[in-house]
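**Q** Output the structure for:
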Amino acid sequence: MTTVSWGSWGAIWAVLLILLDLATIARAVTREHRSPASRLAWSVVIMTLPVVGVVAYFFLGDTSADRKSDRKLKDLRRELPKQPNDQPRAALPLLYRQAFARAASVNGFLPLAGNRADVTIDSNESIDWLVADIDAATDHAHLLFYIWLADDNGTRVAEAMIRAARRGIKARVIVDGLGSRKLLSDPLWMRMNEGGVETVVAFAFRFPLLSAFIRRLDIRNHRKIVVIDHAITYVGSQNCADAAFRVKKKFAPWVDVMLRVGGPVAWQAQRLFVSDWMVHGGDDIARYLDHEPEMPKGGFPAVMAGTGPTESVHAVPDMMQMLLASAQKEVIITTPYYVPSEALHQQICAAALRGVYVRLNVPATNDSLIVAFASRSFYRSLLKAGVDVYEFQPGLLHAKILSVDGTAALVGSPNLDQRSFDLNYENSMMLVDEATVGTLREKQKVFLSMSDKVQREVVAGWTVPRRLLFNSIGMLAPLL
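**A** Next up, the predicted model:
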């Protein structure tokens, strides 16, 4: 009888681990819609962290929530109408047509004219307006928020939805299972359900460790969508919460920007809400897309884009890059997280190198230390290209705005990081309008005035250990 020595078993296990690493690397390399940098980063992680790298990849590497949701999303994308009947395409300035075409391609929408928007002063005003619109609703109020807290503002909106439901308005709410987990265990959530508000939880999970083996837990619905009576929608960065943001209060206040938009583009926001509602277990409400929006004279052209891992790949960086390419004089970028794709980062630098006045505004203190370190790994190349980098001081700047020449803008929920590009379900609006974009630009300038400019000589004087820390974490940018 032949026995296997401990040394032989060790060799066998070593070979099996190598084969497992190679198989996992092959999976990472052959996955569709993954950038070369991401493939390389995952290959390095898998090879340098035996077993741990393999586990990390299967928990965090595949951009898929679960097969059932993916299939349903794709089916709905085919089946639901992509635009109202007989809606004329908006006339667009030649300079922005390609950027709008890319945004329109995400969901098959058309840029629609006749929209008007107001920009809220702060988080409390956003909630004031939202509560007033819910109280004035005559048919329905549809709300989707990644984070909904049972704080003052969250409670005010919940109570407005309960009042609406009690007077016969169809009040529907979607929240994310992770982002709003505290609400889901709070009595306020039960009050909403008992009060007649219909609710759905996106990517819900009860047993995280078990769920992690069948789907990625960090694919989230990060959208902020409001549609009231077909006519009014909101778009921007704000969650349904106080600026004090109780769950991360040490970074407060959280500074956001929301647009209250009236016009036919609300139909497109409705289309995104309907799809999310039906995918995550809600009843069939496709009838809301039979509504024919009015096309008022005047107003600005706009198009919505609902992005995500099952939607148009690389849509967010593509839209930003094309807007950046159209810039003639000025670009202002406001974002809480700056860990972009290499192509987007190079486009930002290229805009500055060709003479465009580019300013980037990020928080001085970030709620994610890893992301903060990774962001700083880009400072040297940004400053060398001529980009002015500012760090916002009084709180966490959470607004997400790209404005170009005070004329065109992209505003919504996505951050400038790989999570928003590849994993999260996000919603944005691209618009051209000097008045509205001018107001957004003034908000951005106020933020800049509350920020410290990063000095090139200070970054050049960073110590070797500090640069090693920032750049080492920056190398993980494709995974962040």
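
**Q** any low-confidence regions in the stretch 251-400 of the chain?
**A** Residues of the stretch 251-400 of the chain meeting the criterion pLDDT under 70: none.

**Q** For the stretch 101-250 of the chain, just list every one of the helices.
**A** With DSSP state H, counting those that start in this stretch, the ranges of helices along the stretch 101-250 of the chain come out as 123-136, 152-166, 181-184, 187-194, 208-211.

**Q** Just list what the second one packs against, helices and strands only.
**A** To tie it back to what came earlier, the one meant is helix 152-166. Helix 152-166 is packed against helix 123-136, strand 140-145, strand 170-176, helix 187-194, with contacts defined by 3 or more Cβ pairs under 8 Å, 6 or more residues apart in numbering; DSSP states H and E. For glycine as for every other residue, the C-beta is placed from the backbone atoms N, C-alpha and C.

**Q** Mind checking the helices of the stretch 101-250 of the chain for the one nearest to residue 337?
**A** helix 123-136 (18.8 Å; Cβ to Cβ).

**Q** can you pull the alpha-carbon coordinates of the closest one into PDB?
**A** What follows is helix 123-136, C-alpha atoms only, in PDB (Å, rounded to 0.1, in the frame of the first residue of the first chain):
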ATOM      1  CA  SER A 123     -30.700  70.100   1.600                       C
ATOM      2  CA  ASN A 124     -33.500  71.500   3.700                       C
ATOM      3  CA  GLU A 125     -34.900  73.500   0.800                       C
ATOM      4  CA  SER A 126     -34.800  70.400  -1.400                       C
ATOM      5  CA  ILE A 127     -36.900  68.600   1.200                       C
ATOM      6  CA  ASP A 128     -39.300  71.600   1.600                       C
ATOM      7  CA  TRP A 129     -40.000  71.600  -2.100                       C
ATOM      8  CA  LEU A 130     -40.300  67.800  -2.200                       C
ATOM      9  CA  VAL A 131     -42.800  67.700   0.600                       C
ATOM     10  CA  ALA A 132     -44.800  70.600  -1.000                       C
ATOM     11  CA  ASP A 133     -44.900  68.700  -4.300                       C
ATOM     12  CA  ILE A 134     -46.100  65.500  -2.600                       C
ATOM     13  CA  ASP A 135     -48.800  67.400  -0.700                       C
ATOM     14  CA  ALA A 136     -49.900  68.900  -4.000                       C
END
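
**Q** and it, what does it pack onto?
**A** For helix 123-136, the packing partners by 3+ Cβ pairs under 8 Å, 6+ apart are helix 152-166, strand 224-228, strand 232-236, strand 258-262.

**Q** Let me know the angle separating it from strand 232-236.
**A** For helix 123-136 against strand 232-236, the angle by axes from the mean of the first three to the mean of the last three Cα atoms, to 10 degrees is 160 degrees.

**Q** So which bits of helix 123-136 are buried?
**A** 123, 126, 127, 129, 130, 131, 133, 134 (16 or more other Cβ atoms under 10 Å).

**Q** what angle separates that helix from strand 258-262?
**A** Using the same axes, to 10 degrees: helix 123-136 against strand 258-262 is 30 degrees.

**Q** can you give me the angle helix 123-136 makes with helix 152-166?
**A** Using the same axes, to 10 degrees: helix 123-136 against helix 152-166 is 10 degrees.

**Q** Got the phi and psi for residue 390?
**A** phi -120, psi 140 (degrees, to the nearest 10).

**Q** what sits opposite it in the beta ladder?
**A** residue 361, residue 453 (DSSP bridges).

**Q** how near is it to residue 99?
**A** 25 Å (Cβ to Cβ, to the nearest Å).

**Q** Tell me which residue is most central in the chain.
**A** Centroid-nearest residue in the chain, with Cα atoms, centre = their mean: residue 414, separated by 2.6 Å.

**Q** Would you quantify the distance from it to residue 173?
**A** Residue 414 is 22 Å from residue 173, by Cβ to Cβ.

**Q** How is the chain divided into domains?
**A** 8-60, 95-305, 315-479 (automatic domain parsing).

**Q** hang on, the earlier thing: looking at residue 390 and residue 99, which has the bigger crowd around it?
**A** residue 99 (25 against 21; other Cβ atoms under 10 Å).

**Q** can you tell me the helix or strand for that one?
**A** For residue 99, the enclosing helix or strand under DSSP states H and E is helix 97-105.

**Q** Helices of the stretch 351-480 of the chain, start to end?
**A** Using DSSP H, counting those that start in this stretch, helices in the stretch 351-480 of the chain cover 369-376, 379-385, 418, 434-449, 456-460, 464-474.

**Q** Out of those helices, which one sits most buried?
**A** Highest mean neighbour count of those: helix 418, a mean of 24 (counted as mean count of other Cβ atoms under 10 Å).

**Q** least confident pick among the buried residues of helix 123-136?
**A** Lowest pLDDT of the buried residues of helix 123-136: residue 123, 92.

**Q** Hmm, that one is touching residue 153, no?
**A** Yes: using Cβ atoms under 8 Å as the test, residue 123 is close enough to residue 153 to be in contact (7.0 Å).

**Q** anything in contact with each of these two?
**A** Counting by Cβ atoms under 8 Å, 6 or more residues apart in numbering, the shared contacts of residue 123 and residue 153 are 241, 242.

**Q** now the strands: where do they sit in the stretch 301-450 of the chain?
**A** 330-334, 338-339, 357-363, 388-392, 396-397, 401-404, 408-412, 416-417, 426-432 (DSSP state E, counting those that start in this stretch).

**Q** which of those is buried the deepest?
**A** Using mean count of other Cβ under 10 Å, strand 338-339 ranks as the most buried of the strands of the stretch 301-450 of the chain, with a mean of 28.

**Q** Now do that one: distance to the chain's middle.
**A** 13 Å (Cα atoms, centre = their mean, to the nearest Å).

**Q** Show me what that strand packs onto, helices and strands only.
**A** helix 369-376, strand 416-417.

**Q** What count of nearby residues applies to the residue lying closest to residue 318 once chain neighbours are set aside?
**A** Of all residues not flanking residue 318 in the chain, residue 102 sits nearest, at 5.2 Å (Cβ to Cβ, 6 or more residues apart in numbering). Residue 102 has 21 neighbours, counted by other Cβ under 10 Å.

**Q** can you check residue 355 too?
**A** 11.

**Q** Measure how far stretch 297-312 is from the centre of its chain, please.
**A** 13 Å.

**Q** Give the buried residues for that stretch.
**A** So for stretch 297-312, counting by 16+ other Cβ under 10 Å, buried means 299-312.

**Q** now, among these, which is nearest to residue 46?
**A** residue 309 (20.8 Å).

**Q** Now do the closest one against residue 224, distance only.
**A** For residue 309, the distance to residue 224 - Cβ to Cβ - is 18 Å.

**Q** Compile the helices and strands packed on strand 338-339 into TSV and extend it with columns for distance to residue 267.
**A** Below are the helices and strands packed on strand 338-339 laid out as TSV (distance: least, Cβ to Cβ, whole Å):
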stretch	distance to residue 267
helix 369-376	35
strand 416-417	28
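
**Q** Show me the one of these that comes nearest residue 319.
**A** strand 416-417 (11.8 Å).

**Q** what's downstream of that closest one, the next helix or strand?
**A** Heading C-terminal from strand 416-417 (DSSP H and E), you reach helix 418.
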